[in-house]
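> Using only what follows, build the 3D model:
(4 chains)
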There are 2 protein chains.
Amino acid sequence: MLISAECFRFDIFVERSIINVKKSIFEYIRSMLSKKTKYGIKALAFIAKKADKKPVQTSEISKSENISQKFLESILLELRKSGFLGSKKGKGGGYYLIKEPKDIQMTAVIRVLEGPIAMVPCVSLNYYEKCDDCPSEETCSVHSLMIQVRDSTLKVLGDNTLADISARK
Amino acid sequence: MLISAECFRFDIFVERSIINVKKSIFEYIRSMLSKKTKYGIKALAFIAKKADKKPVQTSEISKSENISQKFLESILLELRKSGFLGSKKGKGGGYYLIKEPKDIQMTAVIRVLEGPIAMVPCVSLNYYEKCDDCPSEETCSVHSLMIQVRDSTLKVLGDNTLADISARK
DNA sequence: TATTAACCTATAGAATTAGTAGGTTATAGA
DNA sequence: TCTATAACCTACTAATTCTATAGGTTAATA
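Residues are numbered from 1 along each chain as shown, chains lettered A, B, ... in the order given. Prediction:
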């Protein structure tokens, strides 16, 4: 029992050491979630937070959330075309939510901005694509693992709505 | 009740339509999991499947799993340097597992090959990095959502060992 | 001594990301 | 009707990452 605990602690030590070596070699840590999606979610939450239904300008969100305005413009435009936002041009214009925050699941937002939620296309529900290297999905060791990851992620992102994430102060 | 169900169905319809438009514009679906990691897991599972502890050659795995041999070489080398595999040069040489498959968690493998398991560095346990745009993590709407995703993914990948994924036929 | 298979270094095409630049169009208010 | 505003649109680009390929060297076995 003691030996096993020691071994475990050693494993953790080794793993952290390896990771620290990697950290120093590569300066920037890769992110799975693109900035586009991250900014998109933040912008939606910003709009949802406003109690009144008046349109919110890109410039306001851009300043408040530290997002490049031009980049944000393209993201909000995409969210409008996807049916999440409505827009109004000219003075006093901006973007506003079309649906209630509680009716906007994070799965829907991420699927539109980021693409598939699954880590590999061969387990994606909405973006399915066969692996060109795999002879069969049944014998693939990665396949069933990734199905489990997909389902647990889907659960979290499906349970969380825009109302949930914008409510947190 | 009926109306609500109709609305739901309509939402699904709209979301799928949007996704299908995206599909036709972008030919290739982005994968979160790199081929490197995917190949690495497959190779480890291949080695684990062999009952005997004799070294397995890169060429054998490469042919059996449809992986470019040179690419696979670099991956196995990395797995050796990370302490997952041992190696033997010359005829009859190859790679072999150092630890028991049941003692190799998928979290460890993925952290070494892919990097952080978290979708954003600001919620990563082993590769933490502050967001340069966020004023505070407490007020960030993305932060707590990504913590939930991270924890559920970590649970799945921690529960699965190499023994589990190589056992599946 | 020849063969084998791991090990090492460098390079490179393709794709993606995260923007920037420079406009046009539609609306509200004066 | 004019002017300011803010959404909308098109094109481009620098940087990075991914997925390899090429061409070797070193060490072990028969």
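
> contacts and neighbour counts: CA atoms only from here.
Noted.

> right, and the secondary structure at A:Tyr128 would be what?
For A:Tyr128, the assignment made with DSSP: H, G, I helix; E, B strand; the rest coil gives coil.

> who's in contact with it?
A:Pro121, A:Cys122 (CA atoms under 8 Å, 6 or more residues apart in numbering or on different chains).

> For A:Arg30, grab the count of nearby residues.
Residues lying near A:Arg30 (other CA atoms under 10 Å in any protein chain shown) number 16.

> Report the secondary structure element holding it.
Secondary structure assignment for A:Arg30, by DSSP states H and E: no helix or strand.

> swap in A:Ile75?
helix A:69-81.

> which helices and strands sit right next to that helix?
Contact partners of helix A:69-81 among helices and strands, from 3 or more CA pairs under 8 Å, 6 or more residues apart in numbering or on different chains; DSSP states H and E: helix A:35-49, helix A:58-65, strand A:85-88, helix A:106-113.

> Can you tell me who the closest residue to A:Asp103 other than its chain neighbours pairs with across the strands?
Spatial nearest neighbour of A:Asp103, excluding adjacent residues (CA to CA, 6 or more residues apart in numbering or on different chains): A:Thr161 at 6.7 Å. Bridge pairing for A:Thr161 (DSSP bridges) gives the partners A:Gln105.

> Now for A:Thr161: which residues touch it?
By CA under 8 Å, 6+ apart, the contact list for A:Thr161 reads A:Pro101, A:Lys102, A:Asp103, A:Ile104, A:Gln105, A:Met106.

> What is the neighbour count of the third one?
The number of residues packed near A:Asp103 is 13, by other CA under 10 Å.

> Local confidence estimate at it?
Note on A:Asp103: pLDDT of 97.

> Give me the distance between it and DNA strand D.
21 Å (CA to the nearest atom of the strand, to the nearest Å).

> Give me the neighbour count for the closest residue to A:Leu44 other than its chain neighbours.
Of all residues not flanking A:Leu44 in the chain, A:Leu162 sits nearest, at 7.5 Å (CA to CA, 6+ apart). A:Leu162: 22 surrounding residues under other CA under 10 Å.

> What residues does A:Leu162 make contact with?
A:Leu44, A:Ala45, A:Ala48, A:Pro101, A:Lys102, A:Asp103, A:Ile104, A:Gln105, A:Met106.

> Scan the residues you listed and report the most crowded one.
A:Leu44 (25 neighbours).

> Quick one: closest of the helices and strands packed on helix A:69-81 to B:Leu154.
Across those, B:Leu154 has its closest neighbour in helix A:106-113 (19.0 Å, CA to CA).

> and that closest one, what other elements does it pack with?
Helix A:106-113 packs on helix A:35-49, helix A:69-81, helix A:141-159, helix B:2-25, going by 3+ CA pairs under 8 Å, 6+ apart.

> which sections of chain A are below the confidence cut-off?
Filtered on pLDDT under 70, chain A yields the residue ranges A:1-28, A:169.

> Enumerate the residues of it near DNA strand D.
A:28-30, A:56-59, A:70, A:73-74, A:76-77, A:80, A:87-95 (CA under 7 Å from any atom of the strand).
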